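Engineer: Here is my input, please return the structure:
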Amino acid sequence: MTHANTSPKSRSFLVLTGTVLTVAFLIGGAFYTRGPDLTFAPQMAEAPVILADGSALHVQKYEVTIAEWNKCHMAGGCSLALRATGSQTEAEMPATGLSFMDVAEYVTWINAKTRMQFRLPTLAEWELMAAEVLPPAPDPIFTDPELTWASTYLMEPQTKRTLRPKGAFETTSQGIVDLNGSVWEWTQDCYVGAAEGQLTPDRCPAFFVGGEHVAAMSYLVRDPARGGCAVGTPPAHLGMRLVSDQAS
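Structural biologist: Next up, the predicted model:
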């Protein structure tokens, strides 16, 4: 597919190779290619997570930070602007207060910027990558239409739920940091679809988030304390971490 004409003898084409979008230039009858742009690519963990089928999953080392998020906002790709509070810097604090809709904007923007294919992990992938640093017996999953988790939330110690800079929690053997921290990370798995048959993401009302325990959040919720949490004690903060099926 022709992308642009730079001169009568120069044309560019978009070429999808595997999961990487490459720009190929035809100049004077010869092809020149331009691969992924790593300027905005996230820092990935040192080693991939090996899935049950033997494939490699490449995982962002830290959660997306406020500084990374605001690059998307300044470029017009993300509608939400974030800022660090107190003495913390945007580069060291994870981006939180994100709904699933916000996260979808960021994924779309970074894929267009890098010409790569980043995505959110599935719930199974998230649980596998976090297994080393989470308790072996997680809280039971339950659905509570009366939202009685609110009383538990008010009674629990809040020390660990305080938002802290990146690197404040444990690191897995692959080099993935803060999976057991105070930020719950969005996954691409639909909560309703798990019980009633699969729904496409654009029709799903709630998605699973991974953290100290598995929870399900409405796709519009940015603040778990104010929004509905269908599973367990509500998450402290909602953020995101990217994964890719291909090494950068």
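
Engineer: Now the longest helix along the chain: average pLDDT?
Structural biologist: The residue-count maximum for a helix in the chain (DSSP state H) belongs to helix 100-114. Across helix 100-114, pLDDT averages out at 97.

Engineer: what's next to it, contact-wise?
Structural biologist: Residues outside helix 100-114 that contact it (Cβ atoms under 8 Å, 6 or more residues apart in numbering) are 36-42, 64, 69, 72, 75, 77-80, 98, 116-120, 186, 201, 207, 217, 219-220, 222, 240, 242, 248. For every residue, glycine as well, the C-beta is placed using N, CA and C.

Engineer: Can you list the helices and strands that the helix or strand that contains V59 packs against?
Structural biologist: Here V59 sits within strand 56-59, counting by DSSP states H and E. Applying 3 or more Cβ pairs under 8 Å, 6 or more residues apart in numbering; DSSP states H and E, one finds that strand 56-59 makes contact with strand 49-50, helix 123-130, strand 243-244.

Engineer: which outside residues touch the longest one?
Structural biologist: Looking back up the chat, that one is helix 123-130. Helix 123-130 is contacted from outside by 49, 51-52, 57, 59, 121, 134, 172, 174, 176, 179-180, 185, 187, 189, 208, 210, 214, 243, using Cβ under 8 Å, 6+ apart.

Engineer: Can you give me the buried ones in the longest helix of the chain?
Structural biologist: Buried residues in helix 100-114, defined by neighbour count with 16 or more other Cβ atoms under 10 Å: F100, D102, V103, A104, E105, Y106, V107, W109, I110, N111, K113, T114.

Engineer: can you pull the buried residues of the helix or strand where N70 lies?
Structural biologist: Taking DSSP H and E as the definition, N70 sits inside helix 66-74. In terms of neighbour count (16+ other Cβ under 10 Å), helix 66-74 has its buried residues at I66, E68, W69, N70, K71, C72, H73.

Engineer: same deal with stretch 210-228?
Structural biologist: For stretch 210-228, by 16+ other Cβ under 10 Å, it's 210-219, 221-222, 224, 227-228.

Engineer: cool, stretch 125-141 as well?
Structural biologist: Under the neighbour-count criterion of 16+ other Cβ under 10 Å, stretch 125-141 has E125, W126, E127, L128, M129, A130, V133, L134 buried.

Engineer: circling back: out of the buried residues of helix 66-74, which is nearest to G86?
Structural biologist: G86 lies nearest to I66 out of these, by Cβ to Cβ, at 12.5 Å.

Engineer: what number of residues lie near G97?
Structural biologist: 16 (other Cβ atoms under 10 Å).

Engineer: what's the distance between it and G239?
Structural biologist: Relative to G239, G97 is positioned 8 Å away (criterion: Cβ to Cβ, to the nearest Å).

Engineer: hang on, the earlier thing: the contacts of helix 123-130, buried ones only, as a ChimeraX selection?
Structural biologist: Selecting only the buried entries of those in ChimeraX, with 16+ other Cβ under 10 Å as the criterion:
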select :49,57,59,121,134,172,174,176,179,180,185,187,189,208,210,214,243
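
Engineer: In strands, which of the contacts of helix 123-130 appear?
Structural biologist: V49, L57, V59, E185, T187, D189, F208, G210, V243 (DSSP state E).

Engineer: what sits against the first one?
Structural biologist: When the contact criterion is Cβ under 8 Å, 6+ apart, the partners of V49 are A56, L57, V59, E125, L128, M129, Q174, I176.

Engineer: would CSV of the residues you listed with distance to P234 and pLDDT be doable?
Structural biologist: Shown next, in CSV, are those (distance: Cβ to Cβ, whole Å; pLDDT from 0 to 100):
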residue, distance to P234, pLDDT
A56, 33, 98
L57, 28, 98
V59, 25, 98
E125, 23, 98
L128, 24, 97
M129, 22, 97
Q174, 28, 98
I176, 24, 98
